[in-house]
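> Predicted coordinates and the sequence they were generated for:
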Amino acid sequence: MASSDISVRREDGIVVVTPVGEMDAVTSPALAVELDRILVPEPPQGVVIDLTKVGFCDSRCIGVLVASYRHARDLGVGLVVAEPQRQVMRLFMIAGIDQVIPIIDTVDAAVDGLRG
């Protein structure tokens, strides 16, 4: 069974969400719950999903990311993914996620970009 932990930190209106471990059908629902909790009832200026510590992401994880991106967009909140590991980025490219969700090279650049 896969395992994952999720940390959340706030930086001047930007929320950085850092899942750790594998994101699959077992663990992705926790990420969905956390992202919903962040977006409702008072949405932040932006959300960075820091994937530096995620070694595996399956289709359920992709579904959570796309749904959260659309939810954030509908609320007027910027949501980006930052620093996916090579194998995760490869999956995003194959699935076309890099054409849907902004993927930023570093967490710092993502935070700065969302601050405007």
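Sure, I can see it.
> Give me the most central residue, this structure.
Of all residues in the chain, the one closest to the mean position by C-alpha atoms, centre = their mean is I49, 2.9 Å from it.
> for that residue, which residues make a bridge with it?
I49 forms beta bridges with V17, V81, as assigned by DSSP bridges.
> Verify the stated contact: it with L65.
Yes. Assessed by C-beta atoms under 8 Å, I49 is found in contact with L65 at 6.8 Å. Where you see a C-beta, it was placed from the backbone N, CA and C, and this is true even at glycine.
> Can you dump the C-alpha atoms of the worst-scoring helix or strand of the chain on mean pLDDT in PDB for me?
Least confident helix or strand of the chain, by mean pLDDT, DSSP states H and E, is strand 4-11 with a mean of 91. C-alpha atoms of strand 4-11 as PDB (Å, rounded to 0.1, in the frame of the first residue of the first chain):
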ATOM      1  CA  SER A   4       1.600   9.900   1.700                       C
ATOM      2  CA  ASP A   5       1.700  12.800   4.000                       C
ATOM      3  CA  ILE A   6       0.700  16.400   3.200                       C
ATOM      4  CA  SER A   7       2.100  19.500   4.600                       C
ATOM      5  CA  VAL A   8       0.600  23.000   4.200                       C
ATOM      6  CA  ARG A   9       2.300  26.300   4.700                       C
ATOM      7  CA  ARG A  10       1.100  29.900   4.000                       C
ATOM      8  CA  GLU A  11       3.200  32.600   2.600                       C
END
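> Show me what that strand packs onto, helices and strands only.
Applying 3 or more C-beta pairs under 8 Å, 6 or more residues apart in numbering; DSSP states H and E, one finds that strand 4-11 makes contact with strand 14-23, helix 28-39.
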